[in-house]
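make a model of this:
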Amino acid sequence: MTRDPSDILEEMNSRLSARELQLVLVYFSQEGRDSWCALEVFEWLKKENKVDDETMELMVSLMCGWVRKMIEGGNEIEDVIGVIVDMECVGLKPGFSMIEKEDGNYRDAIKLVIQIKESGLKPEVYSYLIAMTAVVKELNEFGKALRKLKGFTKTGLTSDLDEEDTQLIQNYQSGLLEDGVRLSNWVIEEGGPSFHGVVYERLLAMYICAGRGLEAESQLWKMKLVGKEPDANLYDIVLAICASQKEVNAISRLLTRMEITSLLNKKKTLTWLLRGYIKGSHYEDAAETVFKMLDLGVYPEFLDRAAVLQGLRKRINKSGNVETYFKLCKSLSDAGLTGPCLIYMYIKKYKLWVIKML
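Residues are numbered from 1 along each chain as shown. I've put the predicted structure just below:
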């Protein structure tokens, strides 16, 4: 006849030390044994008032291990939630530490928190924040993978992305952002105003990783309004994203703070703006930024100058407009940033070469 763990423990209660009771707990939680047995042992320990901080920490650690193994083993999310419900029944509430230990499994951790919430349980507010951090990390890893893929495409190692591939990428990224917004709403609903700053900070990080300029800018101002001043670097990063997308109004708003900064910080901000324009292939705007930097007496980096010149040169072949290119060459030469430039153009109709020294 099979006996319940609690019946055996009742008989051995007076003979087991606290340390030995912990070992019993570990024994029942080992792989191949039913987690229900370990939960019943824990429930008995609580009833006998034998759960100290060390035992509670041990049980939480075991609990995290079960959940992690279930997720890594491909178990259905309903099975994971079932175990969590059993845990709550014996007084082990799903805490943020459980999510915190899902190393590298960002998508699974996000899903787990959302499923716990939607199943009717109430995780700690910090669980939502940990899951939002997982969204940021997943978006960041996803972005790295995309950049690597684009690099392979440029070198011819892989074929170009077709319309279906592009749509799948957009859908995955949008799904992550939607999860992040849902989690942020729960934090605000359940955590109150004291959590607003940290929520906007997480949303800002999400939108930066996803390259969403306008949404990221909105979070900057929200952080500022609740008294959580964003780091100066964050303004510059968002500025670069908006420049790459040529969001004129957002760029204008973000540049207003530059007027009261030092010359060194002005150079830093304008460098981010310049690189944003270069990334978005907005070379006319990039050239105007170079002119602005030269007027202030600050010099763009060599690679940035070269990228703008190369971009404008390629545009000449398409548009025939050489004015901005000539002006930039002369401005760089006047500032001592380049030697004399030999400009030449071939007019096919007349079989004529026009050569000019700048």
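
tell me how far the helix or strand encompassing Glu43 lies from the chain's centre.
Element membership for Glu43, per DSSP states H and E: helix 35-47. With CA atoms, centre = their mean, to the nearest Å as the basis, the distance from the averaged C-alpha position of helix 35-47 to the chain average is 39 Å.

buried stuff in that helix?
Along helix 35-47, the positions that meet the burial threshold by neighbour count (16 or more other CB atoms under 10 Å) are 35, 37-46. Any C-beta I mention is one placed from the backbone N, CA and C, and that applies to glycine too.

go through those and name the one nearest Glu54.
When the buried residues of helix 35-47 are compared for distance to Glu54 (CB to CB), Leu45 comes out closest, at 11.7 Å.

surely the closest one and Met56 touch.
No. Using CB atoms under 8 Å, Leu45 is not in contact with Met56, being 9.6 Å away.

now the element after the helix-or-strand element of the chain with minimal mean pLDDT, going C-ward?
Sorted by mean pLDDT, DSSP states H and E, the helices and strands of the chain end with helix 96-100, the least confident at a mean of 51. Next helix or strand after helix 96-100 toward the C-terminus (DSSP H and E): helix 106-118.

in that next one, what's buried?
By neighbour count, and taking 16+ other CB under 10 Å as the criterion, the buried residues in helix 106-118 are 106-114, 116-117.

give me the contacts around that helix.
67, 71, 77, 80-81, 84, 94, 99, 102, 123, 127-128, 130-131, 134-135, 137-138, 141, 176, 179, 182-183, 186 (CB atoms under 8 Å, 6 or more residues apart in numbering).

please give the element, helix or strand, for the residue nearest the centre of the chain.
In the chain, the C-alpha nearest the mean C-alpha coordinate belongs to Val136, at 2.7 Å (CA atoms, centre = their mean). Take DSSP H and E as the rule and Val136 turns out to sit in helix 125-154.

ok, which stretches of the stretch 251-358 of the chain are helices?
In the stretch 251-358 of the chain, the helices defined using DSSP state H, counting those that start in this stretch lie at 263-279, 283-296, 302-319, 323-334.

quick one: stretch 332-348 to chain centroid distance?
Centre-to-centre, stretch 332-348 and its host chain are 43 Å apart (CA atoms, centre = their mean).

and what of stretch 350-358?
Taking the mean C-alpha point of stretch 350-358 and that of its whole chain, the gap between them comes to 51 Å (CA atoms, centre = their mean).

can you list the residues that contact that stretch?
By CB under 8 Å, 6+ apart, the list of residues contacting stretch 350-358 reads 326, 329-330, 333, 340-347.

just those residues now: which is nearest Glu201?
Distance ranking of the contacts of stretch 350-358 against Glu201, using CB to CB, places Cys329 first at 43.5 Å.

in the chain, where is pLDDT below threshold?
1-22, 24-36, 71-72, 77, 88-101, 103-104, 320, 358 (pLDDT under 70).

give me the three-state assignment for Gln49.
Wrong residue type there; residue 49 is Asn, not Gln. Per DSSP: H, G, I helix; E, B strand; the rest coil, the secondary structure class of Asn49 is coil.

so how far is Thr55 from it?
Here the distance between Asn49 and Thr55 works out to 11 Å (CB to CB, to the nearest Å).

so which of these two has more stuff around it?
Thr55 (18 against 7; other CB atoms under 10 Å).

list just the nearest of the buried residues of helix 106-118 to Ile241.
Nearest member of the buried residues of helix 106-118 to Ile241, counting by CB to CB, is Tyr106, at 22.1 Å.

dump the contacts of stretch 350-358 into a markdown table; add neighbour count and distance to Ala307 as well.
Listed next are those as a markdown table, based on neighbours: other CB atoms under 10 Å; distance: CB to CB, whole Å:
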| residue | neighbour count | distance to Ala307 |
| --- | --- | --- |
| Phe326 | 16 | 18 |
| Cys329 | 20 | 14 |
| Lys330 | 13 | 18 |
| Ser333 | 14 | 18 |
| Pro340 | 8 | 21 |
| Cys341 | 16 | 16 |
| Leu342 | 10 | 20 |
| Ile343 | 14 | 19 |
| Tyr344 | 9 | 21 |
| Met345 | 12 | 22 |
| Tyr346 | 10 | 25 |
| Ile347 | 9 | 28 |
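
sec struct for Asp160, please.
Applying three-state DSSP: Asp160 is coil.

nearest spatial neighbour of it, skipping sequence neighbours?
Once flanking residues are discounted, Asp160 sits nearest to Thr153: 5.8 Å by CB to CB, 6 or more residues apart in numbering.

how does this protein divide into domains?
The chain breaks down into these domains under automatic domain parsing: 1-93, 99-230, 261-358.

which of the ones you listed is buried the deepest?
Among these, ranked by average contacts under mean count of other CB atoms under 10 Å, first place goes to domain 99-230 (a mean of 17).
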